[in-house]
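**Q** Structure for this input, please:
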Amino acid sequence: MNNSSSAGRKDRIWPFEWISLIVLFLVAGSIGHDPWKLHEPYVFGVIYHFFTTHSWLIPIDADKPFMEKPPLYHWTGAVFCSLFGSILPLHDAARLASAFYTAFTALFMWKSSQLLFAARSECKMLGWISIALLLGQIGVATDIHQLRTDVPLLTGTTIAIYGMALLGCMPQHWIKAGIWTGLGFSITLMSKGLFMPITLILSGILLWRVLPSLHNQNTWRALKVAFLVALPCVTIWPALVCLHSPALFMEWFWDNNVGRFLGFSVPRLGAANHRHDLAFSLLKNTFPALPLACMLFITEKREWHSMEYMLPISIIITGLFLLILSATGHACYILPLMPCFALLAAPVMLELSESFLSCWNLGIRILTSVAVAGIWLLWLYLRHASDIAIFQPLKHLINASFSLDLAAPEQTFACAAAIAMALLWLVSLRLTSRSALNTAYIWLAATGLLWVTMALFLPWQNEKISYRGTLMQMVQIVQQFPGEHNCVEISSYDELISPMFQYMAEPLLPKRKDGETCPFLFIATDSISSPVGPQWHLIWKGARPDKEDEMRLYQANDTASVVP
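**A** I've put the predicted structure just below:
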């Protein structure tokens, strides 16, 4: 039974509820912890360089050029450090850039849905459903709260989708279509390189081949506008890099783009494509949008040769085709395809029976409520470990994930956000469970509630996996030695530990004077097996509390060798 008629019931969801839910979801969990591996340390390292040096051309990570990705996200992160660095730690301020980009992703997801579903009476409803299915995908919910260049890549793709949808649905607006397509194309290239721009080009060619309605002058005019918009955006930075250092330009273009795709640079740069892992990540990270999208092909007949279907399908086909061919693969490469899964899945929500939706929502409400109650109990245990006897048998299991030695921190914002999200969740219980729109809202509210409530654990998780505590141990060792110039030299580059050393430890250490040799040598994980020479002796070694990423500190033999 089609359930779209329930949109007119008095239990409808006000836009204010949607916006409040989305804002809370984006901000909470984005702040409150140090940069965590695997991606955040080196991304923040480049942001920290731009922010402290105001040298904006070459991405530098811990004094080493880092040409893996273009610098759009790093520039934005540095701007947010300037705006909010006085009231937040720099890494938290930088992470707000992800919330900024995701807000625009949601906006253009709405605009795209209004074009693609304009012929449907449920057009506005499908806009909210599309946003919920996009942000509620497991992979999206995780990535948009991190320091990751994939976040603006997602935004650029969504903007390009809007531009292409505008051309296909309203060809008379070919100037706007060209501007938005060119802008989205530029953002994708300046976020992460050539993969998504090539995907957009190939999907555009495929669209032109299968949709005769695009065979007109407006299409060519829009392409010219898109080209004129994208040309300066995608050429200025590469050209300036090439003029500054042809070697660095080739490292970015040839090694990190062409080489990663063809495979000749993978042995040196890593991230080999394990296609079975990619397939598993696709199934896991796109839930529930992918299963719903697949139902398009097993339900009623459809007019496939329409922009509503062919635009997202063409991007999915070309994107997955390039990922299969590429020698480099990672779960995050699927992220820019997720708006397409959401756009395909949204209309299917309207076709699900009311009984199915009712059972689905009942299960989600029960599981989420029980899980959140458990999270709050566990949080109380972490703050008052000795007062709740029921958790005592689980102490060792809990200690595997959280540092129980941490004193109870101040969590005013985290508690306020969790309570606000819980109130939105309680208010959502008034909604009937038989509506597609309500189902989408309940799913996003459940995802947001779990995410924001889990953010209460951030201080304990941070204590367990942050580099800060270990680096501060090293700083304390150095500061115990007499002398005004006890600087520490970092032996070799490690893309995770080196930027964290520069951000967390280096400001606390004396600075090296011109011509001065540092009496201490710091070596990160990947370099531990390297010989340090007989002029050095080991005085300290440590690792993160989770026993990963060992670090060592050496002292020159001609200085005092005993720690006071």
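
**Q** give me the low-pLDDT residue ranges for the stretch 401-550 of the chain?
**A** Across the stretch 401-550 of the chain, the ranges flagged by pLDDT under 70 are 401, 403-404, 483-485, 514-515, 525-531.

**Q** The same query, at a cut-off of 90, please.
**A** 401-413, 430, 432-434, 457, 459-465, 469, 478-498, 505-550 (pLDDT under 90).

**Q** now the stretch 251-400 of the chain
**A** Low-confidence segments of the stretch 251-400 of the chain (pLDDT under 90): 259-284, 296-306, 326-333, 377-400.

**Q** now do 80
**A** 267-277, 299-305, 329-331, 383-400 (pLDDT under 80).

**Q** Spell out, range by range, the helices that occur in it.
**A** Applying DSSP state H, counting those that start in this stretch to the stretch 251-400 of the chain gives helices spanning 260-262, 266-269, 275-285, 289-294, 307-325, 338-351, 354-383, 395-399.

**Q** Can you redo these as CSV, where the extra columns are distance to Arg434 and mean neighbour count?
**A** (Each C-beta comes from the backbone N, C-alpha and C, glycine too.) Converted to CSV, those look like this (distance: least, Cβ to Cβ, whole Å; neighbours: other Cβ atoms under 10 Å):
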stretch, distance to Arg434, mean neighbour count
helix 260-262, 47, 20
helix 266-269, 51, 13
helix 275-285, 28, 14
helix 289-294, 17, 20
helix 307-325, 25, 20
helix 338-351, 12, 26
helix 354-383, 4, 16
helix 395-399, 39, 11
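
**Q** which outside residues touch stretch 21-29?
**A** With Cβ atoms under 8 Å, 6 or more residues apart in numbering as the test, stretch 21-29 has contacts from 96, 98-99, 102-103, 106, 131, 135, 144-145, 414, 417-418, 420-421, 424, 441, 444-445, 447-448, 451-452, 454-455, 458.

**Q** closest one to Asn557 among the helices of the stretch 251-400 of the chain?
**A** Among the helices of the stretch 251-400 of the chain, helix 266-269 comes nearest to Asn557, with 34.8 Å by Cβ to Cβ.

**Q** tell me, how many neighbours does Ser492 end up with?
**A** Using other Cβ atoms under 10 Å, Ser492 has 12 other residues around it.

**Q** Please apply the same query to Pro409.
**A** 14.

**Q** One more: Leu72?
**A** For Leu72, using other Cβ under 10 Å, the count is 24.

**Q** Kindly report the same for the one 3 residues further on.
**A** Using other Cβ under 10 Å, Trp75 has 18 other residues around it.

**Q** Would you state the helices of the stretch 401-550 of the chain in chain order?
**A** Counting by DSSP H, counting those that start in this stretch, the helices of the stretch 401-550 of the chain are 412-428, 436-454, 458-465, 468-479, 497-500.

**Q** now the third one against helix 436-454, angle please.
**A** So that's helix 458-465. On the basis of axes from the mean of the first three to the mean of the last three Cα atoms, to 10 degrees, helix 458-465 is oriented at 60 degrees to helix 436-454.

**Q** follow-up on the earlier one: so which of the helices of the stretch 401-550 of the chain comes closest to Lys124?
**A** Of all the helices of the stretch 401-550 of the chain, it is helix 436-454 that lies closest to Lys124, at 9.3 Å by Cβ to Cβ.

**Q** Tell me the helices and strands packed up against the closest one.
**A** Helices and strands touching helix 436-454, as assessed by 3 or more Cβ pairs under 8 Å, 6 or more residues apart in numbering; DSSP states H and E, comprise helix 15-27, helix 123-135, helix 338-351, helix 354-383, helix 412-428.

**Q** Export those helices to TSV and append columns for distance to Trp75.
**A** Below are those laid out as TSV (distance: least, Cβ to Cβ, whole Å):
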stretch	distance to Trp75
helix 15-27	20
helix 123-135	25
helix 338-351	23
helix 354-383	36
helix 412-428	27
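
**Q** List just the one of those that sits closest to Met472.
**A** helix 354-383 (21.8 Å).

**Q** Quick one: distance of that closest one to the chain centre.
**A** Averaging C-alpha positions (Cα atoms, centre = their mean, to the nearest Å) puts helix 354-383 25 Å from its chain's average.

**Q** Let me see the domain layout of this protein.
**A** 32-351, 354-465, 468-556 (automatic domain parsing).

**Q** For Leu521, find the nearest of the helices of the stretch 251-400 of the chain.
**A** Taking Cβ to Cβ, helix 266-269 is the member of the helices of the stretch 251-400 of the chain nearest to Leu521, at 25.7 Å.

**Q** most neighbours per residue, which of the domains of the chain?
**A** domain 32-351 (a mean of 20; mean count of other Cβ atoms under 10 Å).

**Q** Which strands and helices lie in contact with the strand or helix carrying Tyr554?
**A** Using DSSP states H and E, Tyr554 sits in strand 551-556. On a contact count with 3+ Cβ pairs under 8 Å, 6+ apart, strand 551-556 meets helix 468-479, strand 520-523, strand 536-542.

**Q** Can you list the strands that it pairs with?
**A** strand 520-523 (antiparallel), strand 536-542 (antiparallel) (DSSP bridges).

**Q** Break down the stretch 101-250 of the chain into its helices, ranges please.
**A** In the stretch 101-250 of the chain, the helices defined using DSSP H, counting those that start in this stretch lie at 123-135, 138-143, 150-169, 174-192, 195-210, 217-244, 246-250.

**Q** Packing partners of the shortest one?
**A** Secondary structure elements in contact with helix 246-250, counted by 3+ Cβ pairs under 8 Å, 6+ apart, are helix 217-244.

**Q** what's the angle between the helix it packs on and helix 195-210?
**A** Here helix 217-244 points in a direction 160 degrees away from that of helix 195-210 (the same axes, to 10 degrees).

**Q** Mind giving me the packing neighbours of helix 217-244?
**A** Using 3+ Cβ pairs under 8 Å, 6+ apart, helix 217-244 sits against helix 150-169, helix 174-192, helix 246-250.

**Q** Out of those, which is closest to Ala436?
**A** So among these, helix 150-169 is nearest, using Cβ to Cβ, at 21.5 Å.

**Q** who does the closest one touch, helix- and strand-wise?
**A** When contacts are defined as 3+ Cβ pairs under 8 Å, 6+ apart, helix 150-169 packs onto helix 72-84, helix 90-116, helix 138-143, helix 174-192, helix 195-210, helix 217-244, helix 307-325, helix 338-351.
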